[in-house]
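1. Have a look at this prediction, sequence included:
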Amino acid sequence: MSSGQRNHRFTWGMRDHGKCLCCEVTYVAVGPPVVVAQCHCEECRRLSGTGHTVGAMFSSDAVSLSGKLSQFSYLSDNGSQVTKAFCANCGSPIYGKNTRIPDHLTLSLGTMDDAEGLDIEVVIFERDKQHWDQLGKDVISFATQPDWKPEG
Ligand SMILES: [Zn+2]
Ligand SMILES: [Zn+2]
């Protein structure tokens with residue numbers, strides 16, 4: 001595997017391991033992810049306690065989780081149901097799901113042990129970005145959520 005390779009879509013057989021702060025929840029995701037996105041929506045801001053979340057979306061059957069999770073659900077602006085799952089013990093945000101994109105879940109990139117090879121591909125809900133949060137250079141950014149669905 002060449003170290004200069006930036007596009008994770010061509011990295012086959014990769015496996016991302018992750019865990020929460022207290023190590024009770026662990027997961028393995030068999031990659032590559034569908035997309036890695038940074039989200040500045042108000043819900044992600046409050047969820048994270050900081051400016052945005054960064055998540056890697058996988059097909060649900062590519063991810064195996066263990067440990068006790070708590071969930072919180074709410075309705076998004078477009079009427080879909082969003083569910084956020086946290087470690088029931090330490091509260092680390094582990095993944096989010098959206099009924100708009102069924103059979104997929106988005107793992108919090110910060111819970112991965114080693115996100116080697118994963119780069120942020122898109123920024124969404126940039127309109128909600130706080131003045132104290134910074135955007136990376138050369139990112140594709142959308143004011144809200146692009147009308148986009150994973151292929152296959
Ligand atoms: Zn935990
Ligand atoms: Zn968000």
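-> That came in fine, so what should we check first? Numbers count the residues shown, from 1 in each chain. Ligands and ions are numbered 1, 2, ... in the order given.
2. Below-threshold pLDDT in the chain: ranges please.
-> Scanning the chain with the threshold set as pLDDT under 70 gives 1-13, 150-152.
3. Need the residue closest to the centroid of it.
-> In the chain, the residue lying closest to the centroid (Cα atoms, centre = their mean) is Gly55, at 1.6 Å.
4. Any idea what that residue is bridged to?
-> For Gly55, the residues forming beta bridges with it (DSSP bridges) are Ala37, Ser108.
5. Surely it touches Cys41?
-> No. If you go by Cβ atoms under 8 Å, Gly55 and Cys41 don't touch, sitting 11.6 Å apart. Yep, even glycine has a C-beta here, placed from its N, CA and C like the rest.
6. Who are the contact partners of the residue nearest to the centre of the chain?
-> Counting by Cβ atoms under 8 Å, 6 or more residues apart in numbering, Gly55 makes contact with 36-37, 39, 95-96, 106-109.
7. nearest to ligand 2, of the residues you listed?
-> When those are ranked by distance to ligand 2 (Cβ to the ion), Cys39 comes first, at 3.2 Å.
8. Report the separation between the closest one and Pro32.
-> Computed with Cβ to Cβ, to the nearest Å, the distance linking Cys39 and Pro32 is 19 Å.
9. in this protein, which spans are helices?
-> 42-48 (DSSP state H).
10. Could you pull out the strands in the protein for me?
-> 15-19, 26-30, 35-39, 53-59, 63-66, 69-75, 81-87, 93-98, 104-108, 122-124, 140-141 (DSSP state E).
11. quick one on the thing from earlier: which members of the contacts of Gly55 additionally contact ligand 2?
-> Contacts with ligand 2 within the contacts of Gly55, counted by Cβ under 5 Å from the ion: Cys39.
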